[in-house]
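Peer 1: Got a sequence here, can you model it:
(one chain, ligands or ions: 1)
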Amino acid sequence: MVDPELLSLLEPIDEYNQELLAQVHPPEWVNPVPADRYHLVVVGGGTAGLVSAAGAAGLGARVALIERRLFGGDCLNYGCVPSKAIIRAARAWHEARHASERFGGPSVVGDGDFGVAMKRMRRLRAQISHHDSAERFASLNVDVFLGQGRFVAGDAIEVDGKRLSFRRAIIATGARPVAPPIPGCDEGCYLTNETVFTLTRLPPRFGVIGGGPIGSELSQAFARLGSRVTVFDMASHLLAREDADAAEIVQQALVRDGVQVTSVEITPESKIVHFEKDGQRLQTPVDELLVAVGRAPNVEDMGLEAAGVRYDRSGVRVDERLRTSNKRVYAVGDVASKYKFTHTADALARIAIQNSLFFGRLKASDLVVPWCTYTSPEIAHVGLYKHDAEDQGFETETLTIPLSEVDRAVLDGADEGFLRLHVQKGKDRILGATVVAEHAGDLLAGLSLAVTAKVGLSKIASTILPYPTQAEVIKKAADTWRRGKLTPSVRRIFAIFFKLFR
Ligand SMILES: Cc1cc2nc3c(=O)[nH]c(=O)nc-3n(C[C@H](O)[C@H](O)[C@H](O)COP(=O)(O)OP(=O)(O)OC[C@H]3O[C@@H](n4cnc5c(N)ncnc54)[C@H](O)[C@@H]3O)c2cc1C
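Peer 2: Just a heads-up that it's a prediction; the model follows:
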């Protein structure tokens, strides 16, 4: 019998969500008899836990994996996967609506079918869920347990009344949406990322509290799907972490799509959002309200005290090598990292396997972490921002190449945005890069490689890229940097040379 609260996260219970459930929380699952002792017990079956368990089992370790809700965690069930499926639908609707005026295409008017877009999301989510399924992990020789994992000692965890002894454990319990105290509005009156994907009807008026990556992505998607969207944020700007001019491009794109962005203090009462703006008390009614104001680590009710694992408000405390205050126990993913991304959960898990089982000495701080917010245009970043570089004592040179200088971006009608590189002064090393572009996340791949492998701008300038591609913006930046190296004295030498060889 599946917990009704868990089932409510998988509404509507149609064929696709049933298929998903069968993969990630099989209703008839019987937990195995535990082994005498495991080399590794992993608590949490999101990306970080799955990668840890699969990696360790693949190397021959005896592994147990514990998940209390849905295998795949946030990313598969109510994070990256459903959000990107909806963003794709919203992009298609947006392009269809504007095909006539932009490209002389057929005119498209009227509403789309939100229910069909959501059904497509559920179908695709179910389709890829087998990668994370309980069955698959069992077939990889992992002992798979459904239930809440709780440490009962420094070397043992209990789940479903069974005691699992371990040599090493990895905590990968992730994070959940922060529930802010809003007078007149308890948890049931708003949506979070865990419930927004259960919607089957488009809310005509959609309020979003929080203008970070999740709030920005979903507010634009819902606006493009036809909601009248208002984003409420204390900051004067969306995506406050990014460079102001980069975030401004994204904010303007959202506003063009009909998103109203308001800097406010919120008091929703019966879905009337009361707020203050420029000293005025205002109110706006919404049919649904999404709260996306941050993530809280899942550290409660899991016996961390019994295991001597220290934690605080930001999560489980780990050292550079991801070890907690209990030398047998490591922690990875959203529960222990400031970088709350699927790709970092994956990367940290790989480090934890090495360090916990093979006396590895890999450090999390050596990772180069890229990220991308999937608005339109996207905004992506890797490495250091200028202020970080300066704080670390680097003298920097900054190059900004607008996409309007890149033929393919112009031809695609996607020339709003830029590439910005921070380069170490006197060297050709890229310290950090920001891209604002329709497919900034993809453009960032080459730059992430360059920053990680320390491929300098000289090498990039001598690399041939296919024409016309938007990726040429990277080569243009390298060429611009190289031209800047022509100092007045070098120019004088060239002038003499060309005089001699007339
Ligand atoms: C709307 C949204 C969109 C996102 N989009 C992106 C994106 O595009 N790209 C990207 O890189 N990242 C994205 N993220 C972030 C990404 O989803 C997370 O960084 C990633 O899922 C973290 O993985 P994790 O394994 O650390 O935690 P989780 O995925 O949260 O998994 C933790 C698991 O542990 C289980 N658990 C907790 N406590 C216990 C316990 N005591 N016993 C047993 N099990 C337990 C939980 O049920 C959960 O399944 C998005 C997040 C959201 C919310």
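Peer 1: what are the ranges of the strands in the stretch 101-250 of the chain?
Peer 2: According to DSSP state E, counting those that start in this stretch, the stretch 101-250 of the chain carries its strands in the segments 142-146, 150-153, 156-159, 162-171, 175-177, 205-209, 228-233.
Peer 1: wait, which of those strands is closest to Lys119?
Peer 2: Distances from Lys119 to each of the strands of the stretch 101-250 of the chain were compared using Cβ to Cβ; the minimum, 19.3 Å, belongs to strand 205-209. No exception for glycine: its C-beta is placed from N, CA and C like everyone else's.
Peer 1: what is the mean pLDDT for that closest one?
Peer 2: With pLDDT averaged residue by residue, strand 205-209 scores 93.
Peer 1: In JSON lines: the strands of the stretch 101-250 of the chain, plus distance to the ligand and mean neighbour count.
Peer 2: Conversion of these to JSON lines gives the following (distance: least, Cβ to the nearest ligand atom, whole Å; neighbours: other Cβ atoms under 10 Å):
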{"stretch": "strand 142-146", "distance to the ligand": "8", "mean neighbour count": "24"}
{"stretch": "strand 150-153", "distance to the ligand": "7", "mean neighbour count": "17"}
{"stretch": "strand 156-159", "distance to the ligand": "7", "mean neighbour count": "22"}
{"stretch": "strand 162-171", "distance to the ligand": "9", "mean neighbour count": "22"}
{"stretch": "strand 175-177", "distance to the ligand": "6", "mean neighbour count": "20"}
{"stretch": "strand 205-209", "distance to the ligand": "12", "mean neighbour count": "25"}
{"stretch": "strand 228-233", "distance to the ligand": "15", "mean neighbour count": "24"}
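Peer 1: List the residues that contact Asp257.
Peer 2: Counting by Cβ atoms under 8 Å, 6 or more residues apart in numbering, Asp257 touches 94, 220, 223-224.
Peer 1: Need phi/psi at the residue of the stretch 351-500 of the chain at minimum distance from the ligand.
Peer 2: The minimum distance from the stretch 351-500 of the chain to the ligand, using Cβ to the nearest ligand atom, falls at Tyr374 (5.8 Å). The phi and psi values for Tyr374, taken as degrees, to the nearest 10, are phi -90, psi 50.
Peer 1: can you pick the most crowded of the contacts of Asp257?
Peer 2: Across these, the neighbour count under other Cβ atoms under 10 Å reaches its highest value at Gln220, namely 29 neighbours.
Peer 1: show me the contacts for that residue.
Peer 2: Contacts here follow Cβ under 8 Å, 6+ apart; on that basis Gln220 touches 87, 90, 229, 253-254, 257, 259, 375-376.
Peer 1: Equivalent analysis for Phe71, please.
Peer 2: Taking Cβ under 8 Å, 6+ apart, we find Phe71 in contact with 23-25, 45, 50, 132-134, 137.
Peer 1: How many residues are close by Leu411?
Peer 2: Leu411: 11 neighbours (other Cβ under 10 Å).
Peer 1: How many neighbouring residues does the nearest residue to it once chain neighbours are set aside have?
Peer 2: Distances taken as Cβ to Cβ, 6 or more residues apart in numbering put Pro468 closest to Leu411, at 6.7 Å, once the chain neighbours are dropped. In terms of burial, Pro468 registers 14 neighbours under the definition other Cβ under 10 Å.
Peer 1: helix, strand or coil for Pro468?
Peer 2: Pro468 falls in the coil class when you classify it by DSSP: H, G, I helix; E, B strand; the rest coil.
Peer 1: heads up, I number from 20, so please use that
Peer 2: Will do, 20 is the new start, and the previous item becomes Pro487.
Peer 1: Can you pull the residues of the chain lying near the ligand?
Peer 2: When proximity is defined by Cβ under 6 Å from any ligand atom, the chain lies next to the ligand at 62-68, 85-89, 92-94, 98-99, 102, 167-168, 191-194, 212, 233, 317, 321, 352-353, 359-362, 364, 393.
Peer 1: Quick one: residues contacting Gln279.
Peer 2: For Gln279, the contact set (Cβ under 8 Å, 6+ apart) comprises 247-250.
Peer 1: now, which of these sits nearest Ala452?
Peer 2: Out of those, the one with the shortest distance to Ala452 is Val250. That distance is 26.9 Å, counting by Cβ to Cβ.
Peer 1: Does the closest one touch Val227 like I think?
Peer 2: Yes - with contact taken as Cβ atoms under 8 Å, Val250 and Val227 are classed as touching, separated by 4.7 Å.
Peer 1: OK, now which residue of the stretch 170-319 of the chain is nearest to the ligand?
Peer 2: Closest approach between the stretch 170-319 of the chain and the ligand, counting by Cβ to the nearest ligand atom: Gly193, at 2.1 Å.
Peer 1: Could I get the pLDDT score of Ser356?
Peer 2: The per-residue pLDDT of Ser356 was computed as 98.
Peer 1: Tally up the residues packed near it, please.
Peer 2: Count around Ser356 with other Cβ under 10 Å applied: 25.
Peer 1: how near is it to Gly193?
Peer 2: In this structure, Ser356 lies at 10 Å from Gly193, with Cβ to Cβ, to the nearest Å as the measure.
Peer 1: Would you quantify the distance from Arg347 to Gly64?
Peer 2: Counting by Cβ to Cβ, the gap between Arg347 and Gly64 amounts to 20 Å.
Peer 1: So for these two, which sits in the more crowded spot?
Peer 2: In terms of neighbours (other Cβ under 10 Å), Gly64 is the more surrounded of Arg347 and Gly64; the figures are 33 against 17.
Peer 1: tell me the contacts of the closest residue to that one other than its chain neighbours?
Peer 2: Setting aside the residues directly before and after it, Gly64 is nearest to Glu86 in space (Cβ to Cβ, 6+ apart), at 3.2 Å. If a contact means Cβ under 8 Å, 6+ apart, then Glu86 has 44, 63-64, 68, 153, 163-165 as its contacts.
Peer 1: How confident was the prediction at Glu86?
Peer 2: Confidence score, pLDDT, at Glu86: 98.
Peer 1: Also the one 3 residues further on?
Peer 2: At Leu89 the predicted local confidence, pLDDT, stands at 98.
Peer 1: what do Val250 and Val227 both touch?
Peer 2: Common contact partners of Val250 and Val227 (Cβ under 8 Å, 6+ apart): 234, 238.
Peer 1: Please tabulate the contacts of Gln239 in CSV, including the columns pLDDT and distance to Trp48.
Peer 2: Conversion of those to CSV gives the following (pLDDT from 0 to 100; distance: Cβ to Cβ, whole Å):
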residue, pLDDT, distance to Trp48
Ile106, 98, 32
Ala109, 98, 36
Val248, 95, 40
Ala272, 94, 45
Leu273, 92, 42
Asp276, 86, 43
Val278, 82, 42
Thr394, 98, 38
Ser395, 97, 40
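Peer 1: Secondary structure for the residues you listed - can I get that in a markdown table?
Peer 2: Formatted as a markdown table, the entries for the contacts of Gln239 read as follows, by three-state DSSP:
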| residue | secondary structure |
| --- | --- |
| Ile106 | helix |
| Ala109 | helix |
| Val248 | strand |
| Ala272 | helix |
| Leu273 | helix |
| Asp276 | coil |
| Val278 | coil |
| Thr394 | coil |
| Ser395 | coil |
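Peer 1: mind putting those residues in a markdown table, distance to Arg439 included?
Peer 2: As requested, those are arranged in a markdown table below (distance: Cβ to Cβ, whole Å):
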| residue | distance to Arg439 |
| --- | --- |
| Ile106 | 24 |
| Ala109 | 27 |
| Val248 | 28 |
| Ala272 | 18 |
| Leu273 | 20 |
| Asp276 | 24 |
| Val278 | 24 |
| Thr394 | 17 |
| Ser395 | 19 |
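Peer 1: between those residues, which is closest to Gln411?
Peer 2: Thr394 (28.9 Å).
Peer 1: for Ala108, what are its contacts?
Peer 2: Contacts for Ala108 (Cβ under 8 Å, 6+ apart) come out as 136, 139-140, 240, 244.
Peer 1: That concludes my questions; thank you for your assistance.
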